[in-house]
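J.: Dropping the sequence and predicted coords here.
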Amino acid sequence: MKMKKILLFVFSVLLMFAAATTLSQDKEALLKAHMRNFEMVGIEVKIQILEEAAASGVKELGPLYIQALDFVLSNTALIPVDGRLRQMVILAAGQILEHEGLEDNRKAEVAEFAMDMALHMRLTDSIQRVIAREIRFEAAKALMERKWSRATPLAIEHFDATLLEYERGVSTKNSFLEAIATLGSMGSHDAAVRLTQYLLILNSYSEKVKSADDQIILAVIVNLGGLGDKVAFDDLMYVGYLNYTSQIKKAARKSLENLKW
């Protein structure tokens, strides 16, 4: 009886291994088929292939999405006039940013490209605009995690766009806080200048007894401390003279201590 149980266990393990191997082979075959077909067909069918791949939920199709972005990059002159290429960017970049498994530098480059496209594509379709905004948010997270300072100009544009969207009620406060943190992760002088400019505005609100969100003020101050750029000195110092909470004033003092001279 004991030997029978052992044999049954070994047999079940072998079945599981065989099933896993078959599944892996199926995914590899699916990837090769998609990439081969993508190479041969026109733009309309390329988009259909990407849509089918995304709908499949298979995470191992990253090389297909990279192939699609490479195709877009080789036709960048057509992006402003061909909506199909913009749709391809949204599909491919969105899938890449959602899935792990891509090396950090490559994912940062894809995030930078996706952010650039999402900010500058002239989209008329409301659904595509929503998707492009979500891609911006995912790209911002990827850039922040990798401290990709090369993308500072895009991070500033993303901050400005998200601020406007937040003020209009289009984007959430959490998305705006992430945009602040993305700037803070850039480690660059230009990022510090933009956050300092925004702190100047927040300070002016406090002077005029206008309400400002404490969480946002705190995020700006903390990220300026993380950047450590002395350009923020005057405006961080001024926080101590305004009608802010003790928590905010304490954070400003700590950020002042972190400034590099």
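T.: Alright, I've got the coordinates. The structure presented is a predicted model; accordingly, all values stated were derived computationally and were not measured. Numbers count the residues shown, from 1 in each chain.
J.: With adjacent residues omitted, what lies nearest to N223?
T.: Distance criterion CB to CB, 6 or more residues apart in numbering; nearest residue to N223, sequence neighbours excluded, is G184 at 2.9 Å. In short, each C-beta sits where N, CA and C put it, glycine included.
J.: List the contacts of that neighbour.
T.: A191, L195, V222, N223, L224, G226, L227 (CB atoms under 8 Å, 6 or more residues apart in numbering).
J.: Let's have these in JSON lines, adding distance to F176 and pLDDT.
T.: Formatted as JSON lines, those follow (distance: CB to CB, whole Å; pLDDT from 0 to 100):
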{"residue": "A191", "distance to F176": "16", "pLDDT": "98"}
{"residue": "L195", "distance to F176": "13", "pLDDT": "98"}
{"residue": "V222", "distance to F176": "14", "pLDDT": "98"}
{"residue": "N223", "distance to F176": "12", "pLDDT": "98"}
{"residue": "L224", "distance to F176": "16", "pLDDT": "98"}
{"residue": "G226", "distance to F176": "17", "pLDDT": "97"}
{"residue": "L227", "distance to F176": "18", "pLDDT": "97"}
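J.: Please indicate which of these has the highest neighbour count?
T.: Taking other CB atoms under 10 Å as the neighbour criterion, L224 ranks highest of the contacts of G184 with 30 neighbours.
J.: what about the closest residue in space to that one that isn't next to it in sequence, distance to V222?
T.: In space, and not counting its chain neighbours, L224 is closest to A232: 4.4 Å by CB to CB, 6+ apart. Distance of A232 to V222, given as CB to CB, to the nearest Å: 11 Å.
J.: Spit out the residues that contact these two alike.
T.: Shared contacts of A232 and V222, defined by CB under 8 Å, 6+ apart, comprise S255.
J.: for this protein, what are the low-confidence residue spans?
T.: 1-25, 80, 99-102 (pLDDT under 70).
J.: please redo it, this time with the cut-off set to 90
T.: Residue ranges of the chain with pLDDT under 90: 1-34, 37, 39-111, 113-114, 116-118, 120-135, 138, 206-212, 243, 261.
J.: Could you report the neighbour count for S246?
T.: Using other CB under 10 Å, S246 has 7 neighbouring residues.
J.: now Q197
T.: 12.
J.: Show me which residues of the strand or helix carrying it are buried.
T.: Q197 is part of helix 189-207, with elements assigned from DSSP states H and E. For helix 189-207, the neighbour count (16 or more other CB atoms under 10 Å) marks D190, A191, A192, R194, L195, T196, Y198, L199, L202, N203, S206 as buried.
J.: other SSEs contacting it?
T.: Packing partners of helix 189-207 (3 or more CB pairs under 8 Å, 6 or more residues apart in numbering; DSSP states H and E): helix 152-167, helix 173-185, helix 214-227, helix 233-239.
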